[in-house]
Every structure is written in structure tokens, then in C-alpha cells.
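# Need coordinates for the following:
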Amino acid sequence: MSISPEADAIPAPSADETAYPKAKSKKRRTRRRIAKGLAWTSLAFTALLILAEPWLLIPVVTFAIALSLWD
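Just a heads-up that it's a prediction; the model follows:
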């Protein structure tokens, strides 16, 4: 009924995970909000440019296609 040492070897959490879990979560939330704001701002700016000059839709569509084909 002996258990192998591999079964008992549970990796310990890093110092960052145990020291300040709330601060890390708050930092991540702030970064996500900033990223969302930048994404929506760039989308709105692109929409305004396309409304002003419809031919600008061509590079936006090709960029979207390139991103979708990216491995």
C-alpha cells in the first residue's frame, strides 16, 4: 500500500500566486478594461474612416482575412 513519490509531488504555488492574489486579479482586470477600451476605440475610429472614405474598407477586409488565415 505504498504510494509512489510522483503521486505525492504536487507543485507548490509560486510566490506571486500566494502573496498578492487580490492585487494580481485587480491588475489583470485593469489591463483587460484598458484593452477593451482600446479595441472599441480602434473599431469606432475605423468605422468613422470607412464612413468618410468607403475605399478604406479594402485594407480592413484584407487585414481581417489575413488574421483569420493566420496559424
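# Could you point out the helix or strand that follows the strand or helix carrying T46?
Here T46 is covered by helix 21-52, with elements defined by DSSP states H and E. For helix 21-52, the following helix or strand on the C-terminal side (DSSP H and E) is helix 57-69.
# Quick one: mean pLDDT over that next one.
On average, the pLDDT along helix 57-69 is 90.
# that older thread, what's the angle between the helix holding T46 and helix 57-69?
Counting by axes from the mean of the first three to the mean of the last three C-alpha atoms, to 10 degrees, helix 21-52 points 140 degrees away from the direction of helix 57-69.
# Who are the packing partners of helix 21-52?
When contacts are defined as 3 or more C-beta pairs under 8 Å, 6 or more residues apart in numbering; DSSP states H and E, helix 21-52 sits against helix 57-69. Glycine gets a C-beta too; all of them are placed from N, C-alpha and C.
# May I see the buried residues of the helix it packs on?
Within helix 57-69, no residue is scored as buried using 16 or more other C-beta atoms under 10 Å.
# List the contacts of it.
The contact list for helix 57-69, computed with C-beta atoms under 8 Å, 6 or more residues apart in numbering, reads T46, I50.
# Extract the CA atoms of it and return them as CSV.
The C-alpha trace of helix 57-69 is given here as CSV (Å, rounded to 0.1, in the frame of the first residue of the first chain):
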residue,chain,number,x,y,z
LEU,A,57,-12.8,49.1,-46.4
ILE,A,58,-10.5,47.2,-48.7
PRO,A,59,-7.4,47.1,-46.4
VAL,A,60,-9.6,46.4,-43.4
VAL,A,61,-11.2,43.4,-45.1
THR,A,62,-7.8,42.1,-46.3
PHE,A,63,-6.4,42.5,-42.8
ALA,A,64,-9.4,40.6,-41.3
ILE,A,65,-8.9,37.8,-43.9
ALA,A,66,-5.2,37.7,-43.1
LEU,A,67,-5.9,37.4,-39.4
SER,A,68,-8.4,34.6,-39.9
LEU,A,69,-5.9,32.6,-42.1
